[in-house]
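**Q** Sequence below, structure please.
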Amino acid sequence: MTRVRMPCLCLIAACLVAVVASSQAAASEPLEPEGAPEFGRCVKASGLGGLGFTDAACTKQTLSGAKYEWLPGGPGMTFTVLQRNKQGSLLTKCKHAQHLEEEAAEKEGEATEKLKEAEGYWEKYRIALSKGELTLAQIYKEDAERCEREAGELKAEAAKLLKTAEKTRGTHSKAECEKVIAENSEIEEPVVLEPKGIPQYAIECGELTGSGAYGSRPKFVESVSLKFGGCEAVEPTALGLEEGNGACQSGATAGVIEPVAMEGELGWIKQEGSLNKDKVGVALWAKGGNRTSEVASFTCGSGEHKITITVTGSVIHEVKIDKMISKETEKVIERKGEQVPEGFSTETKEEIEEHNLHAHLGAFSIQAGMGLLSKLTNTDEEKIEVSAAV
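**A** Below you'll find the predicted structure:
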């Protein structure tokens, strides 16, 4: 079974953002439009031309002779979510090992810079010594030795990361892993949610199911529930757990994590007034809360080694726009613990930082990024659209 990485149940939000749902209440009263971006359906005009659209995606408006009209929202429409796994466990291990090696290379680079800095101080030390400036020379000497110590610490960290990478690959060589990654370069990792800068704190899950509904307003999704199975710490000992005892759970069943019910809203990631340039996403957070509320809480390990992790904040991922669809592969992207995108274009830097996902372990709190590849399907295969044009 392919594993799915996600250090804190946060991936929860990831999936449910699709543009896909099923209609069980087509006969209900139409919702009032709220303006782009919003969910809705582009259908054939019921009258003889007039105000509306000339194309089946409702992107080209007309004042007369309309062939299509826009019905905002999707009241009664529901959708399901399933994890989409395209890669095997070897690819997952190889990518994790590669990530660790990249981290090690960064540490080595920092160590090299520290040694260059130390050499600069040693040069100043020799000059000061030649001039008889003993006090200044001593200061430069201490600075040089400090830089050398820091370089040594960085090299030690790099060596530890490389050792972990080797252990992660198991019996497979680095060359074998490079070949596997190259052959699968187009495959996205199914799920990744890791604390920023600490990939060894990640949590893996091997199963994902979920469901949700479109909201009572055209911009919203609601009642989103997700369930993850086979969840465990990637490196139990890094979290203070016993080796082989890193299973995580939110309830009574080991390996199963269920976040709180979720809701979400559409927003602009990028708005330039062009179908080829505009980007829309869905922000997801705890139902009834706000974008900083707790979305999940679970334990890992057992007995005296058991730890509790909570996850707060929200996550955004891009959705397809201006196209009627009944199913879609959804990607939630993170890079080294940072979400991509981190926020909407209408948000300030301070708001984005406040809304970011965060993992909490006791008093320790850190930003976390989540990645997920999932399949969302309209329950009755009825098409729906996210419009950036209405």
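
**Q** For the chain, just list every one of the helices.
**A** Here the chain has its helices, by DSSP state H, at 11-15, 89-130, 134-169, 174-183, 349-355.

**Q** And those helices: which comes nearest residue 248?
**A** Proximity to residue 248 (Cβ to Cβ) singles out helix 11-15 among the helices of the chain, at 12.4 Å. For every residue, glycine as well, the C-beta is placed using N, CA and C.

**Q** Below-threshold pLDDT in the stretch 1-150 of the chain: ranges please.
**A** Judged against pLDDT under 70, the low-scoring parts of the stretch 1-150 of the chain cover residues 1-34, 48-49, 83-89.

**Q** and this protein, what are its domains?
**A** Using automatic domain parsing, the domain parsing of the chain gives 4-21+77-86+188-387, 97-172.

**Q** Please tabulate those in CSV, including the columns distance to residue 53.
**A** As requested, these are arranged in CSV below (distance: least, Cβ to Cβ, whole Å):
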stretch, distance to residue 53
domain 4-21+77-86+188-387, 10
domain 97-172, 46
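
**Q** rewinding a little: so which of the helices of the chain is the most packed in?
**A** For those, ranked by mean neighbour count under the definition mean count of other Cβ atoms under 10 Å, the leader is helix 11-15 at a mean of 32.

**Q** Return the distance of residue 337 relative to residue 241.
**A** Counting by Cβ to Cβ, to the nearest Å, the gap from residue 337 to residue 241 is 20 Å.

**Q** ok, now residue 179?
**A** Distance of residue 179 to residue 241, computed by Cβ to Cβ: 33 Å.

**Q** out of the helices of the chain, which comes closest to residue 231?
**A** Taking Cβ to Cβ as the criterion, helix 11-15 is the member of those that comes nearest to residue 231, at 10.0 Å.

**Q** Direction included, what does the longest strand that the chain contains pair against?
**A** As assigned by DSSP state E, the longest strand anywhere in the chain is strand 364-378. Here strand 364-378 has these sheet partners by DSSP bridges: strand 78-83 (antiparallel), strand 191-195 (antiparallel), strand 327-335 (antiparallel), strand 358-361 (antiparallel).

**Q** and the first one, how far from the chain's centre?
**A** Spelled out, it's strand 78-83. When distances are taken as Cα atoms, centre = their mean, to the nearest Å, strand 78-83 is centred 18 Å away from the chain's centroid.

**Q** Go through it and flag the buried ones.
**A** Residues 78, 79, 80, 81, 83 are the ones in strand 78-83 that count as buried (16 or more other Cβ atoms under 10 Å).

**Q** Return the closest of these with respect to residue 107.
**A** Out of the buried residues of strand 78-83, the member with the shortest distance to residue 107 (by Cβ to Cβ) is residue 83, at 33.1 Å.

**Q** where along the stretch 151-300 of the chain do the strands fall?
**A** All strands of the stretch 151-300 of the chain, identified by DSSP state E, counting those that start in this stretch, fall at 191-195, 203-205, 207-214, 220-229, 232-233, 248-249, 262-270, 279-286, 294-300.
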